[in-house]
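# predicted model follows, preceded by the sequence.
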Amino acid sequence: MGGFDFKHLIWMLFLVICTVLFAIAFSGPDWINDRDSEQACGVIAFCLTEDDCKPGGGERYGSFNNIPFDLWKATAVLLGLGLAFLALAALGALVTMIPAFQTHQGAVHNLSAFAAILIFIGLILFCVGFKDMGCDSNCGLCEFCNEDTNPFVLVDCKLGRDLIITIIGVVLVSITSCLGYTVNHDD
C-alpha cells in the first residue's frame, strides 16, 4: 500500500467541485432562454421573468409528469442518476484516501466515468428535445423558440448558464476520470 498521493487529493477535490457544479446546474431553470421575453426552461425548473431566473430562483415543474417534453424527462432521469453516482464517486474518492481502502480506487474511477457518460447522454437527449420547443402560436410552457427549431439547433433562443455549466462540468468530470486513473497506490 502506498502513502499519501497529491494527485489523489486533486482528483478528489475535482470530483467534489464537479458534483457541486452539477447539483447547482441541474436544479436551475436557466438552460434555454427566450430571446424576446424573459422566459427560461431547464430540466426540472422554469422561470417566467428575469427576476425568477436568478441563481436559486425559478419554479419546479411540480411533478415528473409536468416536465414538458418526454426527452427532457429522460434527461432528468439520466442527469439525476449521473449526479447521484458522481456524489458517490466523490465520497469514494475521499474514503480511498484511507490506506486500507485504496484497493477500491478502480471502482471509484469507473463510477465517476460512468456518471460522466450518463450526464453526457442526458445532455444529448436534452438537445434533441429542442425540436419540441418550436412554436408559432398557442404555445405551451417552454415552447418559446421559433418553429424552425430542430434537434441541436435553436432558432430565436439561446443557451442559458446552467446548460453551459453542465457542459463544462461534463468536460471536467471526464478530465477528472482520466486523472483518477493516474492515481496508483499499488506500487
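Now that the structure is in, tell me what you want to look at.

# so after the lowest-mean-pLDDT helix or strand in the chain, what's the next helix or strand?
The weakest-scoring helix or strand in the chain, judged by mean pLDDT, DSSP states H and E, is strand 59-60 (a mean of 84). Next in sequence after strand 59-60, counting helices and strands by DSSP states H and E, comes helix 70-95.

# surely residue 113 is in contact with residue 177?
Yes: Residue 113 sits in contact with residue 177 when judged by CB atoms under 8 Å, with a separation of 4.2 Å. Yep, even glycine has a C-beta here, placed from its N, CA and C like the rest.

# higher neighbour count, those two?
Remark: of residue 113 and residue 177, residue 177 carries more neighbours, 24 against 19, as counted by other CB atoms under 10 Å.

# could you check the pLDDT of that one?
On the pLDDT scale, residue 177 is placed at 80.

# element containing it, please.
Applying DSSP H and E as the criterion places residue 177 in helix 161-182.

# pull the CA atoms of that helix into CSV?
Provided in CSV are the C-alpha atoms of helix 161-182 (Å, rounded to 0.1, in the frame of the first residue of the first chain):
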residue,chain,number,x,y,z
ARG,A,161,-25.8,29.5,-17.9
ASP,A,162,-27.0,26.2,-16.3
LEU,A,163,-26.6,24.3,-19.6
ILE,A,164,-23.2,25.8,-20.1
ILE,A,165,-22.2,24.9,-16.6
THR,A,166,-23.3,21.3,-17.2
ILE,A,167,-21.4,21.1,-20.4
ILE,A,168,-18.2,22.4,-18.7
GLY,A,169,-18.9,20.0,-15.8
VAL,A,170,-19.0,17.0,-18.2
VAL,A,171,-15.6,18.0,-19.6
LEU,A,172,-14.2,18.4,-16.1
VAL,A,173,-15.6,15.1,-14.9
SER,A,174,-14.1,13.4,-18.0
ILE,A,175,-10.7,15.0,-17.3
THR,A,176,-11.1,14.1,-13.6
SER,A,177,-11.8,10.5,-14.5
CYS,A,178,-8.6,10.4,-16.6
LEU,A,179,-6.7,12.0,-13.7
GLY,A,180,-8.1,9.4,-11.4
TYR,A,181,-6.7,6.6,-13.4
THR,A,182,-3.2,8.0,-12.9
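
# tell me where the model's unsure across the protein.
Under the criterion of pLDDT under 70, the regions of the chain flagged as low confidence span 1-4, 37, 55-56, 184-187.

# do that again at 50, thanks
For the chain, applying pLDDT under 50 flags the ranges 1, 187.

# measure the nearest residue to residue 120 once chain neighbours are set aside to residue 112 for me?
Nearest in space to residue 120, with sequence neighbours left out and distances taken as CB to CB, 6 or more residues apart in numbering, is residue 170 at 5.3 Å. Using CB to CB, to the nearest Å, we find residue 170 at a distance of 12 Å from residue 112.
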